[in-house]
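**Student:** Any chance you could fold what I've pasted below:
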Amino acid sequence: MRSDFYRFRAAWLIDAPVATVFAAVVDVARYPQWWPDVRTVSKIDEETAELVCRATLPFALTLRMTRLEQDERAGRLGVALTGDLEGSLTARVQEGPGSATRLEILQQVVATKTLLRALSPLARPVFRANHAVMMRRGQRGLRSMLRR
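**Tutor:** Below is the predicted model:
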């Protein structure tokens, strides 16, 4: 496997209705309001936004997300990612245990940022840990925002 290829999975339980979670996840422009590691979002067109993300490590990633699928009834979302990471992100929003909603996120990306490509063979565990921290903060932020 290539050292610059990453596959990330996350499963979040959110105590809110499925429709509410789905609406929050598709509203990319509001991510900086609840996800501290998403620093900025700029709308490119109706299907594309550019995000600047920075978690714990001292560098930012710039990503363009282009919507490929948005099916609320099926609870499916999909975007193509380009920029410092290239690949895809898919999400599934569905009923979870009790009154919770389960949000499953799968990212499959190749690092294209020069720094990431150069350091991936050695720093891969650090990059994965940095991503995990970012996702935990996103989950906490979404939970908090939806409680208000």
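
**Student:** now this structure, which segments are flagged as low pLDDT?
**Tutor:** Within the chain, the set of residues satisfying pLDDT under 70 comprises 1.

**Student:** Does anything pack onto the lengthiest helix in it? Which helices or strands?
**Tutor:** In the chain, assigned by DSSP state H, the helix with the most residues is helix 114-147. Helices and strands touching helix 114-147, by 3 or more C-beta pairs under 8 Å, 6 or more residues apart in numbering; DSSP states H and E, are strand 5-14, helix 18-26, helix 31-34, strand 101-111. No exception for glycine: its C-beta is placed from N, CA and C like everyone else's.

**Student:** redo that, cut-off 10 Å
**Tutor:** strand 5-14, helix 18-26, helix 31-34, strand 38-45, strand 48-53, strand 61-71, strand 101-111 (3 or more C-beta pairs under 10 Å, 6 or more residues apart in numbering; DSSP states H and E).

**Student:** ok and that helix relative to strand 5-14, angle-wise?
**Tutor:** 10 degrees (axes from the mean of the first three to the mean of the last three C-alpha atoms, to 10 degrees).

**Student:** what about the helices and strands packed on helix 114-147, which gets the closest to Asp84?
**Tutor:** strand 61-71 (4.3 Å; C-beta to C-beta).

**Student:** Buried ones in the closest one, by neighbour count?
**Tutor:** Leu61, Thr62, Leu63, Arg64, Met65 (16 or more other C-beta atoms under 10 Å).

**Student:** Likewise for stretch 26-34?
**Tutor:** Buried-residue list, stretch 26-34, by 16+ other C-beta under 10 Å: Val26, Val28, Tyr31, Pro32, Trp34.

**Student:** just stretch 120-132 next, same as before
**Tutor:** So, applying 16+ other C-beta under 10 Å, buried residues of stretch 120-132: Ser120, Ala123, Arg124, Phe127, Asn130, His131.
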